[in-house]
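Trainee: sequence and predicted structure, then a few things I'm wondering about:
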Amino acid sequence: MRYPLITGQGNFGSIDGDPPAAMRYTEARLAPIADELLADIDQNTVDFMLTSTTLSASQLCYLPDYQIC
């Protein structure tokens with residue numbers, strides 16, 4: 001894709017060779033453009049199924065290159 005969907009937040013190191021911070025000091029979040037991909041997810045555009053562990057949560061039926069339904 002042309003635009004990154006995830007933006008990093010925190011210390012991931014520098015171009016000067018400084019090491020990144022520990023994992024507890026870094027996080028990732030969705031970029032604003034990713035909201036456009038999720039805008040109609042509640043309009044039955046994607047099939048969901050119940051998960052086998054809790055039977056109350058749901059997950060996508062189709063993942064990239066992997067069909068589980």
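Mentor: Good, I have the coordinates. Numbers count the residues shown, from 1 in each chain.
Trainee: all helices of the protein, in order?
Mentor: Remark: helices assigned in the chain by DSSP state H are 34-37.
Trainee: quick one, domains of it?
Mentor: 1-38, 41-69 (automatic domain parsing).
Trainee: what mean pLDDT would you report for the longest one?
Mentor: Averaging pLDDT along domain 1-38 gives 81.
Trainee: and it, how far out from the chain middle?
Mentor: A distance of 11 Å separates the centroid of the chain from that of domain 1-38, by Cα atoms, centre = their mean, to the nearest Å.
Trainee: just give me the neighbour total for residue 30.
Mentor: The number of residues packed near residue 30 is 12, by other Cβ atoms under 10 Å. All C-beta atoms are positioned from the backbone trio N, CA, C, and that covers glycine.
Trainee: isn't it right up against residue 6?
Mentor: Yes: contact criterion Cβ atoms under 8 Å: residue 30 and residue 6 qualify, at 6.4 Å.
Trainee: list the contacts for the closest residue to residue 28 other than its chain neighbours?
Mentor: Excluding its sequence neighbours, the residue lying closest to residue 28 (Cβ to Cβ, 6 or more residues apart in numbering) is residue 6, at 5.0 Å. Residues counted as contacts of residue 6 (Cβ atoms under 8 Å, 6 or more residues apart in numbering) are 28-31, 34.
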